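**Student:** pasted the sequence and its predicted model underneath.
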Amino acid sequence: MTKLQVAIDLLTTEAALELAGKVAPYVDIIELGTPLIKAEGLRVVTAMKEAHPDKLVFADMKTADTGALEAEMAFQAGADLVTVMGTVDDATIKGAVEAGKKFGRKVVVDTIGVKNRVERAREVIAFGVEFVELHAGLDEQALPGYSVQTLIAEGREAGVAFSIAGGVNIDTIKDVVAAGATVAVAGGAIYGAENPAEAAKALKEAIQ
Ligand SMILES: O=C([C@H](O)CO)[C@H](O)[C@H](O)COP(=O)(O)O
(Lines give C-alpha, C1' and ligand atoms only; values in the text may rest on other atoms or scores of the structure.)
Protein backbone atom coordinates (compact mmCIF):
# COMPACT_ATOMS: atom_id res chain seq x y z
CA MET A 1 0.00 0.00 0.00
CA THR A 2 1.15 3.54 -0.71
CA LYS A 3 2.60 5.20 2.38
CA LEU A 4 1.61 8.73 3.42
CA GLN A 5 4.44 11.19 4.14
CA VAL A 6 3.79 14.54 5.77
CA ALA A 7 6.30 17.17 4.63
CA ILE A 8 6.80 19.72 7.39
CA ASP A 9 7.87 23.02 5.88
CA LEU A 10 7.51 24.99 9.10
CA LEU A 11 10.48 26.83 10.56
CA THR A 12 10.77 25.89 14.21
CA THR A 13 11.24 22.61 16.05
CA GLU A 14 8.40 23.55 18.37
CA ALA A 15 5.93 24.07 15.50
CA ALA A 16 7.11 20.90 13.75
CA LEU A 17 6.67 18.80 16.88
CA GLU A 18 3.23 20.30 17.49
CA LEU A 19 2.10 19.47 13.94
CA ALA A 20 3.59 15.98 14.06
CA GLY A 21 1.79 15.33 17.34
CA LYS A 22 -1.53 16.08 15.62
CA VAL A 23 -0.99 14.12 12.40
CA ALA A 24 1.20 11.17 13.47
CA PRO A 25 -1.73 8.73 13.83
CA TYR A 26 -2.45 9.10 10.09
CA VAL A 27 1.01 9.21 8.51
CA ASP A 28 3.76 6.65 7.97
CA ILE A 29 6.67 9.02 7.35
CA ILE A 30 7.44 12.38 8.95
CA GLU A 31 9.54 14.65 6.72
CA LEU A 32 11.58 17.50 8.12
CA GLY A 33 11.68 19.97 5.22
CA THR A 34 14.92 21.53 3.99
CA PRO A 35 14.07 25.05 5.26
CA LEU A 36 13.30 23.57 8.70
CA ILE A 37 16.63 21.70 8.85
CA LYS A 38 18.45 24.84 7.72
CA ALA A 39 16.71 26.90 10.41
CA GLU A 40 17.07 24.45 13.27
CA GLY A 41 19.94 22.14 12.33
CA LEU A 42 19.89 18.37 12.70
CA ARG A 43 18.67 18.76 16.28
CA VAL A 44 15.16 18.87 14.82
CA VAL A 45 15.70 15.38 13.36
CA THR A 46 16.78 14.03 16.76
CA ALA A 47 13.86 15.69 18.51
CA MET A 48 11.36 14.27 16.00
CA LYS A 49 12.75 10.73 16.19
CA GLU A 50 12.68 10.86 19.99
CA ALA A 51 9.07 12.06 19.93
CA HIS A 52 7.98 9.52 17.26
CA PRO A 53 10.24 6.47 17.42
CA ASP A 54 7.58 4.36 15.68
CA LYS A 55 7.56 6.57 12.55
CA LEU A 56 10.06 6.79 9.73
CA VAL A 57 11.80 10.16 9.97
CA PHE A 58 12.77 11.65 6.61
CA ALA A 59 15.46 14.32 6.60
CA ASP A 60 15.07 16.36 3.41
CA MET A 61 18.78 17.23 3.25
CA LYS A 62 18.73 17.85 -0.54
CA THR A 63 22.43 17.00 -0.52
CA ALA A 64 24.43 18.28 -3.51
CA ASP A 65 27.98 17.24 -2.47
CA THR A 66 29.73 15.21 0.22
CA GLY A 67 27.02 12.58 -0.03
CA ALA A 68 28.54 10.17 2.47
CA LEU A 69 29.28 12.86 5.05
CA GLU A 70 25.89 14.58 4.97
CA ALA A 71 23.99 11.28 4.95
CA GLU A 72 26.04 10.05 7.89
CA MET A 73 25.35 13.26 9.83
CA ALA A 74 21.60 12.86 9.29
CA PHE A 75 21.61 9.14 10.13
CA GLN A 76 23.56 9.82 13.31
CA ALA A 77 20.93 12.41 14.23
CA GLY A 78 18.21 9.78 13.88
CA ALA A 79 17.01 9.99 10.28
CA ASP A 80 15.70 6.83 8.65
CA LEU A 81 15.72 8.33 5.15
CA VAL A 82 17.71 11.19 3.61
CA THR A 83 17.51 12.95 0.24
CA VAL A 84 20.28 13.56 -2.27
CA MET A 85 19.69 15.64 -5.39
CA GLY A 86 19.34 13.76 -8.66
CA THR A 87 21.10 16.51 -10.60
CA VAL A 88 24.47 15.99 -8.92
CA ASP A 89 27.37 13.67 -9.63
CA ASP A 90 26.63 9.96 -9.37
CA ALA A 91 29.46 9.69 -6.83
CA THR A 92 27.52 11.86 -4.36
CA ILE A 93 24.49 9.57 -4.56
CA LYS A 94 26.61 6.42 -4.29
CA GLY A 95 28.45 7.86 -1.28
CA ALA A 96 25.17 8.45 0.54
CA VAL A 97 24.00 4.92 -0.30
CA GLU A 98 27.24 3.51 1.18
CA ALA A 99 26.65 5.51 4.37
CA GLY A 100 23.13 4.12 4.47
CA LYS A 101 24.48 0.58 4.37
CA LYS A 102 26.68 1.34 7.41
CA PHE A 103 23.69 2.58 9.40
CA GLY A 104 21.01 0.29 7.97
CA ARG A 105 19.14 3.36 6.64
CA LYS A 106 18.00 4.51 3.21
CA VAL A 107 18.58 7.18 0.58
CA VAL A 108 15.99 8.87 -1.63
CA VAL A 109 16.91 10.79 -4.78
CA ASP A 110 15.07 14.09 -5.30
CA THR A 111 14.44 15.03 -8.95
CA ILE A 112 13.99 18.80 -8.58
CA GLY A 113 15.75 20.35 -11.58
CA VAL A 114 16.30 17.05 -13.39
CA LYS A 115 15.55 17.50 -17.10
CA ASN A 116 14.53 13.93 -17.88
CA ARG A 117 13.10 12.53 -14.65
CA VAL A 118 12.16 9.11 -16.08
CA GLU A 119 15.64 8.45 -17.45
CA ARG A 120 17.41 9.71 -14.29
CA ALA A 121 15.08 7.70 -12.05
CA ARG A 122 16.05 4.52 -13.87
CA GLU A 123 19.75 5.39 -13.59
CA VAL A 124 19.84 6.18 -9.89
CA ILE A 125 17.67 3.31 -8.73
CA ALA A 126 20.49 1.04 -9.90
CA PHE A 127 22.78 2.69 -7.28
CA GLY A 128 20.70 1.16 -4.50
CA VAL A 129 18.49 4.10 -3.52
CA GLU A 130 15.23 3.21 -1.79
CA PHE A 131 12.99 5.16 -4.16
CA VAL A 132 13.06 8.21 -6.40
CA GLU A 133 11.11 11.31 -5.42
CA LEU A 134 9.42 12.70 -8.54
CA HIS A 135 9.25 16.22 -7.22
CA ALA A 136 8.28 19.70 -8.30
CA GLY A 137 9.45 22.13 -5.64
CA LEU A 138 7.40 24.97 -4.24
CA ASP A 139 8.87 27.47 -6.73
CA GLU A 140 8.07 25.25 -9.73
CA GLN A 141 4.56 24.64 -8.41
CA ALA A 142 3.97 28.40 -8.37
CA LEU A 143 4.64 28.71 -12.12
CA PRO A 144 1.63 29.05 -14.41
CA GLY A 145 0.35 25.78 -15.89
CA TYR A 146 1.94 23.50 -13.28
CA SER A 147 0.18 20.17 -12.78
CA VAL A 148 1.12 17.28 -10.52
CA GLN A 149 -0.33 14.99 -13.20
CA THR A 150 2.94 15.31 -15.16
CA LEU A 151 4.83 13.72 -12.26
CA ILE A 152 2.20 11.03 -11.85
CA ALA A 153 2.44 10.07 -15.53
CA GLU A 154 6.24 9.91 -15.24
CA GLY A 155 5.91 7.60 -12.24
CA ARG A 156 3.81 5.20 -14.28
CA GLU A 157 6.34 5.32 -17.10
CA ALA A 158 9.51 4.97 -15.03
CA GLY A 159 8.81 1.47 -13.73
CA VAL A 160 10.90 2.04 -10.57
CA ALA A 161 9.93 2.68 -6.93
CA PHE A 162 8.88 6.33 -6.67
CA SER A 163 7.21 8.95 -4.53
CA ILE A 164 5.28 11.97 -5.75
CA ALA A 165 5.81 15.39 -4.16
CA GLY A 166 4.57 18.68 -5.48
CA GLY A 167 1.10 19.72 -4.52
CA VAL A 168 -0.41 16.35 -3.63
CA ASN A 169 -3.81 16.95 -2.05
CA ILE A 170 -7.20 15.34 -1.49
CA ASP A 171 -8.13 15.82 -5.16
CA THR A 172 -5.02 14.15 -6.56
CA ILE A 173 -3.91 11.55 -4.03
CA LYS A 174 -6.02 8.78 -5.56
CA ASP A 175 -4.20 9.30 -8.89
CA VAL A 176 -0.87 9.04 -7.05
CA VAL A 177 -1.95 5.74 -5.51
CA ALA A 178 -3.40 4.39 -8.78
CA ALA A 179 -0.06 5.08 -10.49
CA GLY A 180 1.61 2.72 -8.01
CA ALA A 181 3.56 5.21 -5.91
CA THR A 182 5.50 3.85 -2.96
CA VAL A 183 4.90 7.11 -1.10
CA ALA A 184 2.55 10.09 -1.49
CA VAL A 185 4.04 13.27 -0.01
CA ALA A 186 1.74 16.00 1.25
CA GLY A 187 3.04 19.23 2.74
CA GLY A 188 0.83 22.27 2.29
CA ALA A 189 -2.29 20.11 2.06
CA ILE A 190 -1.67 19.13 5.70
CA TYR A 191 0.25 21.92 7.47
CA GLY A 192 -1.73 24.59 5.58
CA ALA A 193 -5.10 23.10 6.47
CA GLU A 194 -7.35 24.64 9.09
CA ASN A 195 -7.42 21.25 10.81
CA PRO A 196 -4.21 19.34 9.95
CA ALA A 197 -5.31 16.16 11.74
CA GLU A 198 -8.55 16.02 9.75
CA ALA A 199 -6.65 16.71 6.51
CA ALA A 200 -4.12 13.94 7.22
CA LYS A 201 -6.91 11.54 8.16
CA ALA A 202 -8.77 12.26 4.92
CA LEU A 203 -5.61 11.71 2.86
CA LYS A 204 -4.91 8.42 4.67
CA GLU A 205 -8.48 7.25 4.10
CA ALA A 206 -8.22 8.14 0.40
CA ILE A 207 -5.21 5.85 0.13
CA GLN A 208 -6.97 2.83 1.63
O1 LIG B 1 10.28 19.24 -0.38
C2 LIG B 1 9.55 20.20 -0.44
C3 LIG B 1 10.03 21.53 -0.87
O4 LIG B 1 11.20 21.37 -1.62
C5 LIG B 1 10.35 22.44 0.30
O6 LIG B 1 11.10 21.80 1.28
C7 LIG B 1 8.12 20.07 -0.05
O8 LIG B 1 8.08 19.59 1.23
C9 LIG B 1 7.38 19.17 -1.03
O10 LIG B 1 7.28 19.87 -2.25
C11 LIG B 1 6.00 18.75 -0.57
O12 LIG B 1 5.26 19.85 -0.18
P13 LIG B 1 3.90 20.30 -0.91
O14 LIG B 1 4.26 20.57 -2.33
O15 LIG B 1 3.47 21.51 -0.14
O16 LIG B 1 2.94 19.15 -0.78
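**Tutor:** The structure has been received and is ready for your questions. All of these numbers come straight from a predicted model, not from anything done at the bench.
**Student:** C-alpha only now, for contacts and for neighbours.
**Tutor:** Noted.
**Student:** what about the least confident helix or strand in the chain by mean pLDDT, distance to the chain center?
**Tutor:** Least confident helix or strand, the chain: helix 138-141 with a mean of 92, by mean pLDDT, DSSP states H and E. Distance of helix 138-141 from the chain centroid (C-alpha atoms, centre = their mean, to the nearest Å) equals 15 Å.
**Student:** got the contact list for that helix?
**Tutor:** Outside helix 138-141, the residues that touch it by C-alpha atoms under 8 Å, 6 or more residues apart in numbering are Tyr146, Ser147, Gly166, Gly167.
**Student:** would you mark the buried spots in the lengthiest helix in the chain?
**Tutor:** Taking DSSP state H as the criterion, the chain has its longest helix at helix 90-103. By neighbour count on 16 or more other C-alpha atoms under 10 Å, the buried set for helix 90-103 is Thr92, Ile93, Lys94, Gly95, Ala96, Val97, Glu98, Ala99, Gly100.
**Student:** again, but for stretch 11-18
**Tutor:** Leu11, Thr13, Ala16, Leu17.
**Student:** do stretch 165-176 as well
**Tutor:** Ala165, Gly166, Gly167, Val168, Asn169, Ile170, Thr172, Ile173, Lys174, Asp175, Val176.
**Student:** I'd guessed Val97 sits against Lys106; true?
**Tutor:** Yes: at 7.0 Å, Val97 counts as touching Lys106 under the criterion of C-alpha atoms under 8 Å.
**Student:** got any residues that touch both of these two?
**Tutor:** Val129.
**Student:** tell me who's in contact with the residue nearest to Ala193 when sequence neighbours are not counted.
**Tutor:** Using C-alpha to C-alpha, 6 or more residues apart in numbering and skipping the chain neighbours, the partner closest in space to Ala193 is Ala199 (6.6 Å). For Ala199, the contact set (C-alpha under 8 Å, 6+ apart) comprises Ala189, Ile190, Ala193.
**Student:** of those, select the buried ones using a ChimeraX command.
**Tutor:** A single ChimeraX command is used to select the members of these judged buried by 16+ other C-alpha under 10 Å:
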select :189,190
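**Student:** now the helices: where do they sit in the chain?
**Tutor:** According to DSSP H, the helices that the chain contains are 13-23, 34-40, 43-51, 67-77, 90-103, 117-125, 138-141, 149-158, 173-178, 188-191, 196-207.
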